[in-house]
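>>> what follows is a predicted protein model with its sequence.
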Amino acid sequence: MMEKRSLMTEMNERILRILNKSALGAGPLRPTTLFNENWMLWLLLDWSSQNSSGKHPLRFAEGSTWYSEALLLSQFGPRFRKDPLGEGRTHADGVIGHFRVGDVGKGDFVLNAQADQFVVLEGKMKSSLSPGTNRIPGYDQAARNVACMAESMRKAKRPPKLVSSLAFFVIAPQEQIAMGVFGDLVTKQSIAVKVKRRVDAYGGEKDVWFSEWFEPTLEAMEIRLLSWEEIIEGVGLPIRDFYQNCLQYNGPKGSQ
């Protein structure tokens with residue numbers, strides 16, 4: 001055990017040395033490897049898990065944890081091989097709440113039966129949301145995430161009205177939001193239309209799920225765009241400085 005711990009310490013030090021050099025422009029990695037929406041979100045989630053108050057947008061409920069790249073189960077999984085309507089699990093950039101990961105497969109997300117918080121986050125720097133999949137064009141990233149959240153609620157048998165903090169947030173630079181890059185994608189109306197169209201393609205097979213789980217989940221949850229700028233207010237200079245580097249190396253053209 002001591003030998004393994006020693007090896008891990010050595011590897012951690014090597015990783016930090018590579019990242020530190022690259023952050024200063026003197027390392028073997030492009031700065032975009034570090035200064036991007038993924039690391040920005042991870043840093044904020046780590047900070048929020050220890051510091052956020054009731055007023056912070058990413059506040060943690062008692063007992064909540066966070067995870068990145070959790071695999072959210074879909075109600076629209078393949079019914080047979082090469083099902084033209086089937087889809088795989090959805091990767092969530094970040095999840096805050098009461099849940100488990102890895103019960104079945106690595107990364108598989110399971111909401112706790114008594115969960116009081118379930119928040120899914122998508123982080124962006126210069127891109128919009130994915131507009132759809134190869135098989136299902138128009139079924140955008142926001143609709144997929146919220147539909148998968150409803151399915152997680154169903155699997156946990158957790159009524160949405162009992163979850164105090166239930167939300168889907170897209171986090172992006174204020175400049176992108178002001179420019180209307182996301183249009184109306186991050187709205188309940190848009191999401192409802194996209195998921196209803198998806199359900200209708202099954203000819204009634206998914207109607208009960210839609211009325212008993214998706215609609216109540218959508219009604220109970222908060223859906224909104226958040227800017228990185230409003231989230232990092234008050235978090236301290238290091239994270240604010242890191243964000244400025246993200247804008248420089250990986251942000252909208254106007255920020256570079």
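Here it is on my side, so go on.
>>> how about the helices of the stretch 101-250 of the chain, start to end?
Assigned by DSSP state H, counting those that start in this stretch, the stretch 101-250 of the chain shows helices spanning 141-156, 174-178, 188-200, 207-209, 215-220, 228-232, 237-250.
>>> out of those helices, flag the one nearest residue 21.
helix 237-250 (14.4 Å; CB to CB). Any C-beta I mention is one placed from the backbone N, CA and C, and that applies to glycine too.
>>> what is the neighbour count of the nearest residue to residue 236 once chain neighbours are set aside?
Distance criterion CB to CB, 6 or more residues apart in numbering; nearest residue to residue 236, sequence neighbours excluded, is residue 47 at 7.8 Å. Neighbourhood size, residue 47 [other CB atoms under 10 Å]: 18.
>>> now do residue 77
Around residue 77 there are 13 residues (other CB under 10 Å).
>>> how about residue 241?
Neighbours of residue 241 using other CB under 10 Å come to 11.
>>> what angle sits between the helix-or-strand element of the chain with minimal mean pLDDT and helix 237-250?
One helix or strand of the chain scores below all others by mean pLDDT, DSSP states H and E: helix 2-23, with a mean of 79. In terms of direction (axes from the mean of the first three to the mean of the last three CA atoms, to 10 degrees), helix 2-23 departs from helix 237-250 by 60 degrees.
>>> mind listing what's buried in helix 2-23?
Residues 22-23 are the ones in helix 2-23 that count as buried (16 or more other CB atoms under 10 Å).
>>> mind checking what helix or strand follows that helix in sequence?
Moving toward the C-terminus from helix 2-23, the next helix or strand (DSSP states H and E) is helix 37-51.
>>> just how off-centre is that next one within its chain?
Centre-to-centre, helix 37-51 and its host chain are 12 Å apart (CA atoms, centre = their mean, to the nearest Å).
>>> tell me what the next helix or strand after it is packed against?
Using DSSP H and E, the helix or strand that follows helix 37-51 in sequence is strand 65-67. Under the contact definition 3 or more CB pairs under 8 Å, 6 or more residues apart in numbering; DSSP states H and E, strand 65-67 sits against helix 37-51, strand 94-97, strand 99-101.
>>> which of those sits closest to residue 119?
Of all the helices and strands packed on strand 65-67, strand 94-97 sits nearest to residue 119, with 4.3 Å by CB to CB.
>>> where in the stretch 1-150 of the chain is pLDDT low?
1-5, 7, 52 (pLDDT under 70).
>>> so how far is residue 43 from residue 33?
15 Å (CB to CB, to the nearest Å).
>>> also residue 228?
Distance from residue 228 to residue 43, by CB to CB: 11 Å.
>>> and those two? Which one has more around it.
Under the criterion of other CB under 10 Å, the comparison of residue 228 against residue 43 puts residue 228 first, with 26 against 17.
>>> show the contacting residues for that one.
Listed by CB atoms under 8 Å, 6 or more residues apart in numbering, the contact partners of residue 228 are 40, 171-174, 243, 246.
>>> test for you: state the pLDDT assigned to it.
Per-residue confidence at residue 228 stands at 97 (pLDDT).
>>> deepest of the helices of the stretch 101-250 of the chain, which one?
Most buried of those, by mean neighbour count (mean count of other CB atoms under 10 Å): helix 141-156, with a mean of 23.
>>> check the offset of it from the chain's centre.
12 Å.
>>> can I get that helix as CSV, trimmed to CA atoms?
Written as CSV, here are the backbone C-alpha positions of helix 141-156 (Å, rounded to 0.1, in the frame of the first residue of the first chain):
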residue,chain,number,x,y,z
GLN,A,141,-28.5,18.7,-26.1
ALA,A,142,-30.8,20.5,-23.7
ALA,A,143,-33.8,18.3,-24.6
ARG,A,144,-31.7,15.2,-24.3
ASN,A,145,-30.3,16.1,-20.9
VAL,A,146,-33.7,17.0,-19.4
ALA,A,147,-35.3,13.9,-20.9
CYS,A,148,-32.6,11.8,-19.3
MET,A,149,-33.1,13.6,-16.0
ALA,A,150,-36.8,12.6,-16.1
GLU,A,151,-35.8,9.0,-16.8
SER,A,152,-33.4,9.1,-13.8
MET,A,153,-36.3,10.2,-11.7
ARG,A,154,-38.5,7.4,-13.0
LYS,A,155,-35.8,4.7,-12.3
ALA,A,156,-35.4,6.1,-8.7
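>>> good, we can wrap up now.
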